[in-house]
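Prediction below, plus the sequence it came from.
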Amino acid sequence: MPPKPRILVVGSTNIDFVTMVERIPACGETIISEGSYGFVPGGKGANSAVAAARLGADVILCTRTGSDTYGKSLKKLYSDEGIDTRFVIHDKQANTGLSSIIVERNGNNRITVFPGANKNLSSDDVEEAFTTYPDALLLQFEAPYEAVDAAIKLANASDVPVFVDAGPANQEININTLGKLEIFSPNEKEAFEYTGISPTNAENYIRICLDLYSRLDVKYIVLKLGEKGCYLYDGHLGEAFPSYHVNAVDTTAAGDSFTAALTYEYLRSGNIRSACMYANAVGALTVTKNGAIPSLPKEKEVIEFIKNN
Ligand code: RIB
């Protein structure tokens, strides 16, 4: 694999409406907040694309935004990050996707996504993006099944390894029928949604992995366990990789940057264990800052962080 792998990200683009609150209001309750709010670039696909680009990958992003002001400024932002934006399509029929995100004091978030133009990402869009001959495909499930399915089929047909961030748990997508994958990575919530097993202890981690492994054609499963780090299953053994202790202010996009880093480091080194440790560092750094794309670390910061921790 070349030192600077070319990663095609097929996925969503959103503008995040973020409210930082003391606590979630109860039903029927109104809270006057002393927190803050803002509009921040996000979307699982775009977050992963920018994360990989900031770490040093060559990134091609295939996504749809509205032809509105948000869509135009997001495309410019990706291009400023060095991303190939030829397949960022401005859709005339729909608005840019919007996520409403509530972040509590402890950094935990609750997200509602209004997909907008993301709903129109098609197999034709994906087919065009594959003309760039990527080294790897990185996907999430915030895109329509048609696009996810086409992307995996095209990648499989040309032996391009497929990396799946299994979030959000999407009813439209049947994980049992996905094609050949290199890595499948759900977070705790998604692992539970797919298997009905709560990732509460090591015994359950392995039960989740065995369940997923029996249903997927996959080489590695990597469970994202938040502040606990991650758990790798390689088809024989399971291994936990504890994370770094940091002061979490906002967990938004930590999963996206984790999977992007996992993909990038695995492609670069060919070593899944060092990829898990590197991804832990990137995920940990992401939670120390507010917002999705604004919180994604650059390669230099990650090197420094690993050296000092
Ligand atoms: O994973 C975080 C992302 O999920 C946010 O940026 C939001 O847009 C939703 O897609």
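Okay, I see it.

what residue ranges in the stretch 1-150 of the chain are flagged as low confidence?
Residues of the stretch 1-150 of the chain meeting the criterion pLDDT under 70: 1-2.

Flag every residue of it that's near the ligand.
Neighbours of the ligand within the stretch 1-150 of the chain, by Cβ under 6 Å from any ligand atom: 12, 14, 16, 42-44, 47, 99, 111, 113, 142. C-betas here are computed from N, CA, C, even on glycine.

now, which of those residues lie within helices?
Counting by DSSP state H, those place 44, 47 in helices.

between the residues of the stretch 1-150 of the chain next to the ligand, which is nearest the ligand?
Closest approach between these and the ligand, by Cβ to the nearest ligand atom: residue 42, at 2.5 Å.

The protein: helices as residue ranges?
44-55, 69-80, 123-129, 145-157, 188-195, 202-215, 254-269, 272-286, 299-308.

Provide the contact partners of stretch 144-163 at residue level.
For stretch 144-163, contacts defined as Cβ atoms under 8 Å, 6 or more residues apart in numbering pick out 8, 10, 62, 118-123, 125-127, 130, 133-139, 141, 170, 172-173, 178-183, 185, 259, 262-263, 266-267.

Output the residues of the stretch 1-150 of the chain next to the ligand in TSV; the columns should cover neighbour count and distance to residue 244.
As requested, these are arranged in TSV below (neighbours: other Cβ atoms under 10 Å; distance: Cβ to Cβ, whole Å):
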residue	neighbour count	distance to residue 244
12	31	28
14	32	28
16	24	25
42	31	23
43	32	26
44	29	23
47	33	20
99	23	27
111	17	24
113	19	29
142	27	27
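
Find the nearest non-adjacent residue to the residue nearest the centre of the chain, please.
The residue lying closest to the centre of the chain (Cα atoms, centre = their mean) is residue 256, at 2.7 Å. Of all residues not flanking residue 256 in the chain, residue 47 sits nearest, at 3.7 Å (Cβ to Cβ, 6 or more residues apart in numbering).

Distance-wise, check the one you found relative to residue 190.
Distance, residue 47 to residue 190, by Cβ to Cβ, to the nearest Å: 16 Å.

And residue 56, by the same measure?
Distance from residue 56 to residue 190, counting by Cβ to Cβ: 27 Å.

before we move on, back to that, next step: the residues of the stretch 1-150 of the chain next to the ligand restricted to strands.
Of these, the ones assigned to strands by DSSP state E are 14, 16, 42, 99, 111, 113.

Surely the second one and residue 46 touch.
Just to be clear, that refers to residue 16. No. Using Cβ atoms under 8 Å, residue 16 is not in contact with residue 46, being 10.2 Å away.

residues near the closest residue to the ligand within the stretch 201-309 of the chain, how many?
Closest approach of the stretch 201-309 of the chain to the ligand (Cβ to the nearest ligand atom) occurs at residue 292, with a separation of 3.6 Å. Close neighbours of residue 292, defined as other Cβ atoms under 10 Å, add up to 31.

Next: residue 124.
Neighbour count for residue 124, taken as other Cβ under 10 Å: 11.

Give me the distance between it and residue 64.
12 Å.

hmm, back to that, what remains of the contacts of stretch 144-163 if I keep only buried residues?
8, 10, 62, 118-121, 123, 125-126, 130, 134-139, 141, 170, 173, 178, 181-183, 185, 259, 262-263, 266-267 (16 or more other Cβ atoms under 10 Å).

Report the contact partners of residue 133.
6, 158.

same question but for residue 267, I mixed them up
1, 5, 7, 57, 135-136, 161.

per-residue confidence at it?
For residue 267, the pLDDT comes out at 98.

what's the nearest residue to it if we skip its chain neighbours?
Counting by Cβ to Cβ, 6+ apart, residue 267 lies nearest to residue 5, which is 4.0 Å off, once chain neighbours are set aside.

and residue 140, how many residues sit next to it?
Residues lying near residue 140 (other Cβ under 10 Å) number 26.

Could you double-check that it lies in contact with residue 12?
Yes. With contacts counted by Cβ under 8 Å, residue 140 reaches residue 12, the gap being 7.0 Å.
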